[in-house]
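S.K.: Next input, structure requested:
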Amino acid sequence: MAGLDNASGDPLHAAASGMAASRTEWTNLKEMAVNGDLRFEPEAAERCAQACDTAADRMTDHLRSARQLTRVEGFGDTSAGRALAAKFARKGDEVIEVLLAHRQVLQDMAATYRTAGKAYTEAEANNAARLRGSNR
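M.R.: Numbering: from 1, shown residues only. Below you'll find the predicted structure:
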């Protein structure tokens, strides 16, 4: 995890920052696909989208497990024990935020692949129509 550390040494913060950057990149790619500037062969695009859907479903499973990280017990009923339990619970919340962001990136990726597949089909149809028109 050391590779994920940021200047403050917090790997969760670094992961969240990375997810935000990925989300921006995929948003830009989807915009390119909507504009027809990014096209993928439809069957390949759907296979990629399905892989993203599967990974997003796994993130949902991980989220269910991660929710247990926010329920911290066993540090005692002293003020120090409660403070320590609260600190670990906050870290659990941070893990959940990163997993949610990661799942969103995967969903954005799937939508981008599908949009790029549709753009390919539309470009092919337009090209075929132009070729038919020029043969007359």
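S.K.: Flag the shaky bits of this protein, pLDDT-wise.
M.R.: 1-8, 135-136 (pLDDT under 70).
S.K.: can you give me the helices in it?
M.R.: 11-34, 42-66, 79-134 (DSSP state H).
S.K.: Give the other helices and strands that the shortest one contacts.
M.R.: Packing partners of helix 11-34 (3 or more Cβ pairs under 8 Å, 6 or more residues apart in numbering; DSSP states H and E): helix 79-134. The way it works is simple: take the backbone N, C-alpha and C, and place the C-beta from them, glycine included.
S.K.: Next up, the contacts around the residue nearest in space to the middle of the chain.
M.R.: Among the residues of the chain, the one closest to the centroid is V105, at 1.6 Å (Cα atoms, centre = their mean). Neighbour list for V105: M19, S22, R23, W26 [criterion: Cβ atoms under 8 Å, 6 or more residues apart in numbering].
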